[in-house]
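[1] Prediction below, plus the sequence it came from.
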Amino acid sequence: MTTPAVIMMIVAIVVVWGGLAASILYLRNKPELTEGEIEDPDMVRQDTERLHEPHPFRDT
Amino acid sequence: MTTSNAPVAAEQRETWTSSTGFILAAIGSAVGLGNIWRFPGVAYESGGGAFLIPYLVALLTAGIPILFLDYSIGHRYRAAAPLAYRRMAKPTETLGWFQIMLSFVIAVYYAAVIAWAASYFIFAFNLRWGQDTLGFFVGEYLKVGDPEISTTVVPAVAVPLVLVWVAVLVVIALGVTAGVQKVNVIFIPLLGVAFLGLVIRALTLPGAMDGLNAFFTPDWGALADLNVWIAAYSQIFFSLSIAFGIMVTYASYQRRKANMTSSGLVVAFANSSFEILAGIGVFATLGFMANQQSVQVSELEGLTGPILSFVTFPAVINEMPGGAIFGVVFFGSLILAGFTSIISILLGVAASVQEKFGLSRRGSAILVSGVCAVLSVLLFSTTSGLLALDTVDQWANNVGIVLSAIVMTVLVVWVFRKSETLRRHLNAVSTFQVGRIWIALIGVVAPAFLVIMLGQKLVSLVNDGYEGLPQWYLNLFGWGTIVFVVVAAVVLSAIPWKGRDDEKFVPWPDVDKEVTR
């Protein structure tokens, strides 16, 4: 491969695969916001009901 | 994302969100035909190396910010796109329908690509495509004819296409979409393994490095070509399913304190990771094909975007030890990935119809899928199917979705001034905090650039047409698609809700006070 192609490949891999690795680590370290308001039980019940309806679940 | 979010204590939630299962599900939810089929084709048509820089810029400055915007609207206003927009600001309901109609159009042609994959799954058992994978796909399989409204049905395409729709309707009518979603737990990793195997083999073929040079060598001159930029942006929008209602609707089903932005980053980067991998595999194969024909990669003839993956992957499979096994696994799991994506799209359209018209969940899903199925079979099972698909895809994405992204960002940020509320909403539920730069990106950078690109694209489509197709054909399938989506959006928004919009809905949490962490 030529030098410009190698450089561009490294840039793409660092940005995209590096971004994936970084975002996975971030999610693992900070999985959930524990501060702030908490939903009341009614809301949780509604949400659970809604979640059991068929709904979009992935991208294309 | 293939995750279920039953209400659990904060501690348990924390374990789930950080668990390998959740992360794998998030990654798996990102891979689909957008990555494996569409990306390599768009990159090739845009000149390979010329494409990569606009693509990375699009991901970081528009893809992720607009994914967050979709998430914030759906998650805060808790409804499918039309109602979520209506709850944000009444007049924006039309935008919601515009987006949902775009996803309807996408479902219509997406099924055709799944049908191709289904045929190739069968062909893979005895590598029926032979050595001339291009001639086989275009000539022997699709029997591509003239740009016309052909009534000559190609049975080899029509049969799998009908079967795809029968399968969709059965799954939706039985209400087993959640079960199909679980099937992905097996098939997405399988797809990953087969896909990785093909890419590695492709890299070891003679000429592969020439292909990689074509994919990665930046073409600085081409950076001035706005058509390359718009192709990059709309590819990001298509494969992340943003700006056409799917992610708005998806987010509305997530629990109120779901960690939206952090998981969104995983999805977005995973999505592009698969695309880069697909690009490497497909371009390495192009290098190999050029090597076989003793020509340059740029001199390969007869290749166009929509057919590229169906020409290159079989060519690698031919060269694999145990090629048939890899082919069967690859195309088999690709069908499942595509199949679950189309179900996901249709459920988004169905949820919108159900909320507005008060039909049953299942009834609206069957209605939507049935209409989609008829259009899909009529348009794509004949000798003019490929041309229709290419044309509809071009207009739906490069005009429709780009226009949708512009209108969405301008309405949210400038007309109804909801961006700060939405930013606070995201920060109130997510661990990855979104700064004001997000508002600058969705409010200024993305829309300004998209307007310039769209303007130039419209001029080029009007003046130069597309792929040398006759004007009446472009009017019907290209501009006609946009007119159809706009008219449907206006008509659907004009119909009264009769109280089904739950006007007393109160968004949660209350973010009018600055949320401090």
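    Good, I have the coordinates.

[2] what helices or strands is the lengthiest helix in chain A leaning on?
    In chain A, assigned by DSSP state H, the helix with the most residues is helix A:3-29. Judged by 3 or more Cβ pairs under 8 Å, 6 or more residues apart in numbering or on different chains; DSSP states H and E, helix A:3-29 is in contact with helix B:10-18, helix B:20-28, helix B:49-58, helix B:208-216, helix B:260-292. In short, each C-beta sits where N, CA and C put it, glycine included.

[3] Present those helices as TSV; the columns should include distance to chain A, mean neighbour count and mean pLDDT.
    Output for the helices and strands packed on helix A:3-29, formatted as TSV (distance: least, Cβ to the nearest Cβ, whole Å; neighbours: other Cβ atoms under 10 Å in any protein chain shown; pLDDT from 0 to 100):
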stretch	distance to chain A	mean neighbour count	mean pLDDT
helix B:10-18	4	16	71
helix B:20-28	6	19	91
helix B:49-58	6	23	95
helix B:208-216	4	24	97
helix B:260-292	4	25	97
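
[4] Out of those helices, which gets nearest to A:Leu27?
    Smallest distance to A:Leu27 across these (Cβ to Cβ): 4.7 Å, for helix B:260-292.

[5] Show me what secondary structure element comes after that closest one.
    helix B:305-319 (DSSP states H and E).

[6] Could you list the buried residues of that next one?
    B:305-317 (16 or more other Cβ atoms under 10 Å in any protein chain shown).

[7] Equivalent analysis for stretch A:53-60, please.
    A:54-60.

[8] With respect to B:Trp116, which of those is nearest?
    Nearest to B:Trp116 out of those is A:Thr60 (Cβ to Cβ; 15.4 Å).

[9] so is the closest one in a helix, a strand, or just coil?
    Secondary structure state of A:Thr60, per DSSP: H, G, I helix; E, B strand; the rest coil, is coil.

[10] ok, and what's touching the one helix or strand B:Val368 maps to?
    Assigned by DSSP H and E, B:Val368 belongs to helix B:361-380. With Cβ atoms under 8 Å, 6 or more residues apart in numbering or on different chains as the test, helix B:361-380 has contacts from A:53-54, B:104, B:107-109, B:111-112, B:115, B:157-158, B:161-162, B:165, B:168-169, B:172-173, B:175, B:346-347, B:349-351, B:353-354, B:357, B:359, B:385, B:388-389, B:392.

[11] which of those residues count as buried?
    Buried subset of the contacts of helix B:361-380 (neighbour count, 16+ other Cβ under 10 Å): A:54, B:104, B:107-109, B:111-112, B:115, B:157-158, B:161-162, B:165, B:168-169, B:172, B:346-347, B:349-351, B:353-354, B:359, B:385, B:388-389, B:392.

[12] angle of the helix or strand B:Leu461 falls within against helix B:49-58?
    Assigning secondary structure by DSSP H and E places B:Leu461 in helix B:446-464. Computed with axes from the mean of the first three to the mean of the last three Cα atoms, to 10 degrees, the direction of helix B:446-464 lies at 150 degrees from that of helix B:49-58.

[13] Can you get me the centre-to-centre distance for the helix or strand where B:Met247 lies and its chain?
    Secondary structure assignment for B:Met247, by DSSP H and E: helix B:246-252. Mean-position distance between helix B:246-252 and its chain equals 14 Å (Cα atoms, centre = their mean, to the nearest Å).

[14] Then stretch B:398-411?
    The answer for stretch B:398-411 is 15 Å, by Cα atoms, centre = their mean.

[15] Span of stretch B:146-154 from start to end?
    Distance across stretch B:146-154, first residue to last, is 14 Å (Cα to Cα, to the nearest Å).

[16] What residues of it count as buried?
    For stretch B:146-154, by 16+ other Cβ under 10 Å, it's B:147, B:150, B:153-154.

[17] same check, this time on stretch B:365-376
    Those would be B:365-369, B:372-373, B:375-376, for stretch B:365-376 by 16+ other Cβ under 10 Å.

[18] need the contact list for B:Ile188.
    By Cβ under 8 Å, 6+ apart, the residues touching B:Ile188 are B:28, B:31, B:333, B:336-337.

[19] ok, now B:Asp510?
    B:Asp510 neighbours (Cβ under 8 Å, 6+ apart): A:Glu37.

[20] give me phi/psi at it?
    Taking degrees, to the nearest 10, you get phi -70, psi 110 for the backbone angles of B:Asp510.

[21] what about B:Gly145, neighbour count?
    For B:Gly145, the count of nearby residues is 15 (other Cβ atoms under 10 Å in any protein chain shown).

[22] For B:Val144, see how far away the closest residue to it other than its chain neighbours is.
    Counting by Cβ to Cβ, 6 or more residues apart in numbering or on different chains, B:Thr383 is the residue found nearest to B:Gly145 once chain neighbours are left out, at 3.5 Å. Separation of B:Thr383 from B:Val144 (Cβ to Cβ, to the nearest Å) stands at 6 Å.

[23] what is in contact with these two at once?
    Counting by Cβ under 8 Å, 6+ apart, nothing touches both B:Thr383 and B:Val144.

[24] By mean pLDDT, which helix or strand of chain A comes out lowest?
    Lowest mean confidence among the helices and strands of chain A (mean pLDDT, DSSP states H and E): helix A:41-51, at a mean of 89.

[25] tell me which strands and helices that helix is in contact with?
    On a contact count with 3+ Cβ pairs under 8 Å, 6+ apart, helix A:41-51 meets no helix or strand.

[26] If you count neighbours, what's buried in that helix?
    A:43-44, A:47, A:51.

[27] Closest one to A:Val15 out of those residues, please.
    When the buried residues of helix A:41-51 are ranked by distance to A:Val15 (Cβ to Cβ), A:Leu51 comes first, at 33.9 Å.

[28] What confidence value was assigned to the nearest residue to that closest one once chain neighbours are set aside?
    What sits nearest to A:Leu51 in space, not counting adjacent residues and going by Cβ to Cβ, 6+ apart, is B:Tyr253, at 5.6 Å. We have a pLDDT of 95 for B:Tyr253.

[29] So B:Tyr253 sits against A:His52, correct?
    No - here B:Tyr253 does not reach A:His52: they are 9.5 Å apart, not a contact under Cβ atoms under 8 Å.

[30] higher neighbour count, these two?
    B:Tyr253 (25 against 12).

[31] who touches that one in this structure?
    Neighbouring residues of B:Tyr253 by Cβ under 8 Å, 6+ apart: A:50-51, A:53, A:55-56.
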